[in-house]
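K.L.:
okay, sequence plus prediction incoming.
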Amino acid sequence: MKHGKALGSFEFRTLQVFVTTAEQGGMTRGAEVLGMTQSGVSQTIASLEEAVGRQLFDRTVRPIVLTGAGRALLERGKTILADVQQAYLEAAQVEKAQLAQISITMPESLANVLGPRLYHRAGPMARSWRISNSLFPDQLSRFNSHAADIMITEESHVSGMIGVERYTILAEPYVLIFPKGFELETELGPHLAASKFIRFSLRSSVGRKTEAQLNRLQLKFPEQIEFDSVTGHSRAVALGNGWGITTPLCLAQTPGVFDDLIVKPISRGSFYRRMSLVAREGSLGSATKMITDECRAILADDVMPSLVARLPWLEEMLSVGEE
């Protein structure tokens, strides 16, 4: 390999990609954790090798292994990344440990019930707050690019991430919703094909998880209408357009819709979603745990009691995450 380029071509993100790939044991797994394509990871590693003038991975064996130069860069790279994370923390902190800014990305099903209450309770923690709602691919992109400090998303999305603090926020069941006066049996089964199934888009984790569960149960329903929006989904059912599968927190976005719905537990083939909060390890100091505790308290003291008051059978099915 030719002598490497000037160090000016050596970028922080490139080092992140290399360290993650090395720690995950390969480019495929590294790409999954980083939210990149495998070809993107491969090109980044190739550029890094050109920059340092050494081969970092031995590609003649499977799985690939680090060369001597790769092992040396891994150890030094981990130290550099830790130092940069600490620099982010120090740059963000101002007098009285107040952060300059907190940016949080979460799904719509949490943003509207959790976001305003979180700022109300923890506003003094930072001079500036940014709370956004988006689907998971956009959440991950914002988190990986440092546009978001904290991501709240379904636990299955983040279980393999490294270099992060991760806390369970809550677990909730998926439920069936029907318009008032629904004429078919309100149980999940093939008979529901006689009425229109109002779906969540596969762009959403709720939609993907629902479709996966229906496939496991070998239930097939025609594809006729789908929504990204949790509010649009529940309102479409309430208007009598068909039936749907959603979660209690999704319904909490539009409290008035309960008066026009029948909400039932799924007795056959029940399934749940678990929501987790993640932040880059050490990036916010004690603020990550404080925000986690506030989120849990809001859900336990405010949101869940109002849901149980409407649907008493939910009480044993909702839980706030603990350590």
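P.N.:
Cool, the structure landed.

K.L.:
and the residue nearest to R166 when sequence neighbours are not counted, its phi and psi?
P.N.:
Among residues not flanking R166 along the chain, V278 sits closest, at 4.9 Å (Cβ to Cβ, 6 or more residues apart in numbering). Backbone N, C-alpha and C define where each C-beta goes, glycine included. V278 adopts backbone torsions of phi -130, psi 150, taken as degrees, to the nearest 10.

K.L.:
what helices or strands is the lowest-mean-pLDDT helix or strand in the chain leaning on?
P.N.:
Between all helices and strands in the chain, the lowest mean by mean pLDDT, DSSP states H and E belongs to helix 68-92, at a mean of 78. Contacts defined by 3 or more Cβ pairs under 8 Å, 6 or more residues apart in numbering; DSSP states H and E place helix 68-92 against helix 12-24, strand 99-106.

K.L.:
give me the below-cutoff pLDDT ranges for the stretch 51-200 of the chain.
P.N.:
Scanning the stretch 51-200 of the chain for pLDDT under 70 picks out the ranges 86-97.

K.L.:
how about the helices in this structure?
P.N.:
12-24, 27-34, 38-52, 68-92, 108-122, 136-144, 155-158, 205-216, 230-238, 248-251, 287-298, 304-310 (DSSP state H).

K.L.:
could those go into JSON lines alongside mean neighbour count and distance to R268?
P.N.:
Below are the helices of the chain laid out as JSON lines (neighbours: other Cβ atoms under 10 Å; distance: least, Cβ to Cβ, whole Å):
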{"stretch": "helix 12-24", "mean neighbour count": "19", "distance to R268": "38"}
{"stretch": "helix 27-34", "mean neighbour count": "19", "distance to R268": "33"}
{"stretch": "helix 38-52", "mean neighbour count": "18", "distance to R268": "39"}
{"stretch": "helix 68-92", "mean neighbour count": "14", "distance to R268": "47"}
{"stretch": "helix 108-122", "mean neighbour count": "19", "distance to R268": "24"}
{"stretch": "helix 136-144", "mean neighbour count": "18", "distance to R268": "28"}
{"stretch": "helix 155-158", "mean neighbour count": "17", "distance to R268": "22"}
{"stretch": "helix 205-216", "mean neighbour count": "17", "distance to R268": "11"}
{"stretch": "helix 230-238", "mean neighbour count": "22", "distance to R268": "20"}
{"stretch": "helix 248-251", "mean neighbour count": "24", "distance to R268": "19"}
{"stretch": "helix 287-298", "mean neighbour count": "19", "distance to R268": "31"}
{"stretch": "helix 304-310", "mean neighbour count": "15", "distance to R268": "23"}
